[in-house]
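Undergrad: Quick one, what's the 3D model for this:
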Amino acid sequence: MSDDASNNNGGQVEKLMNSVFRWLMIFVVVQFGTKWAQENGMLPKPRQDVASPSKPQLKETKPYESKSAIKSPIGATKDNKILSKLKPACIWGTRAVLDLHVYITDSQNFTKPDQNDHTALGEWHAKNLAFGNTGLNNVEINSRKTNITFPLSKAVQYNETHVYAHVFLERQIISKSG
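TA: Coordinates of the predicted model:
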C-alpha cells in the first residue's frame with residue numbers, strides 16, 4: 001500500500017510540474033507574440049508617457065521651481081495654444097433677427113427640410129426673434145409658449161424608436177434691394 005501511495009504522490013507532483021511548465025510556455029509564447037505583433041503594427045505599442053515598474057517615475061516639480069518644468073499637452077501646437085486662450089463669443093450681434101424652427105420626428109438623424117417636404121410628425125416656427133433683446137424692466141420679449149399635437153408613428157408606439165425634437169435657429173438674411 002505504501003508503494004501505491006508513493007506512486008500516487010509522485011503522479012500528482014508530476015501533473016503539477018507539467019501544468020506549471022505548460023503555463024510558463026503559454027506565458028512565453030504570448031509575450032513573444034505580443035512583441036512581434038507590436039513590431040509589425042498589428043497591435044499598438046505601449047505608451048511611453050506611462051510609468052512602468054521597470055522605469056522610475058519622473059520627479060514631480062512644483063510650478064515655482066522651474067519654468068521649463070511646465071509641459072504642453074500631447075498634440076498641442078502653437079496655433080491651438082493661442083486659440084485655447086480666446087474666450088468664446090457669440091457669432092451673432094445683439095439685436096440680430098432670428099427664426100426658430102422646431103421639428104418633431106421619430107428619427108435621430110434629420111436635416112432641415114425644404115418647403116414641400118413633410119416628413120416631420122409635427123413642427124413649429126417662430127419668426128423675427130431679436131437676439132439679446134429685452135423689453136421694459138428686463139422682461140424677455142422673445143418668450144414663446146406653445147403646444148404641439150402630433151400623431152405617434154407605429155415605430156414609436158411599439159417602442160422601436162424615440163421622439164426627437166430637432167431645433168434650428170437661423171439668422172434672417174435681410175436683402176437690401178428695394
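Undergrad: what is the rounded mean pLDDT of stretch 25-45?
TA: Computed over stretch 25-45, the mean pLDDT rounds to 88.
Undergrad: would you put the C-alpha positions of it in CSV?
TA: The C-alpha coordinates for stretch 25-45 follow below in CSV (Å, rounded to 0.1, in the frame of the first residue of the first chain):
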residue,chain,number,x,y,z
MET,A,25,5.3,28.1,-22.0
ILE,A,26,1.9,29.8,-22.7
PHE,A,27,3.2,32.9,-21.0
VAL,A,28,6.4,33.0,-23.1
VAL,A,29,4.6,32.4,-26.3
VAL,A,30,2.1,35.2,-25.6
GLN,A,31,4.9,37.6,-24.6
PHE,A,32,6.8,36.9,-27.8
GLY,A,33,3.6,37.0,-29.9
THR,A,34,2.6,40.4,-28.4
LYS,A,35,6.1,41.9,-29.0
TRP,A,36,6.1,40.6,-32.6
ALA,A,37,2.6,42.0,-33.3
GLN,A,38,3.6,45.4,-31.9
GLU,A,39,6.7,45.5,-34.1
ASN,A,40,4.7,44.6,-37.2
GLY,A,41,2.0,47.2,-36.4
MET,A,42,-0.8,44.7,-35.6
LEU,A,43,-1.0,46.0,-32.0
PRO,A,44,-0.3,49.5,-30.7
LYS,A,45,3.0,50.0,-29.0
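Undergrad: quick one: contacts of that stretch?
TA: With contacts defined as C-beta atoms under 8 Å, 6 or more residues apart in numbering, stretch 25-45 is touched by Pro46. Bear in mind the C-beta positions are built from the backbone N, C-alpha and C, glycine included.
Undergrad: What are the buried residues along it?
TA: The neighbour-count check on stretch 25-45 (16 or more other C-beta atoms under 10 Å) flags nothing as buried.
Undergrad: same thing with stretch 108-127?
TA: Phe110, Ala120, Leu121, Trp124.
Undergrad: Between the two ends of it, what distance do you get?
TA: The separation between the terminal residues of stretch 108-127, taken as C-alpha to C-alpha, to the nearest Å, is 25 Å.
Undergrad: repeat for stretch 97-111
TA: One end of stretch 97-111 sits 22 Å from the other (C-alpha to C-alpha).
Undergrad: same thing with stretch 113-126?
TA: 16 Å.
Undergrad: For it, what does the pLDDT average out to?
TA: 81.
Undergrad: now the strands for this structure?
TA: In the chain, the strands defined using DSSP state E lie at 97-105, 122-130, 164-171.
Undergrad: So for Phe150, which of those strands sits nearest?
TA: Checking the strands of the chain against Phe150 by C-beta to C-beta gives strand 122-130 as the closest, at 3.1 Å.
Undergrad: Could you list the paired strands of the closest one along with their orientation?
TA: strand 97-105 (antiparallel) (DSSP bridges).
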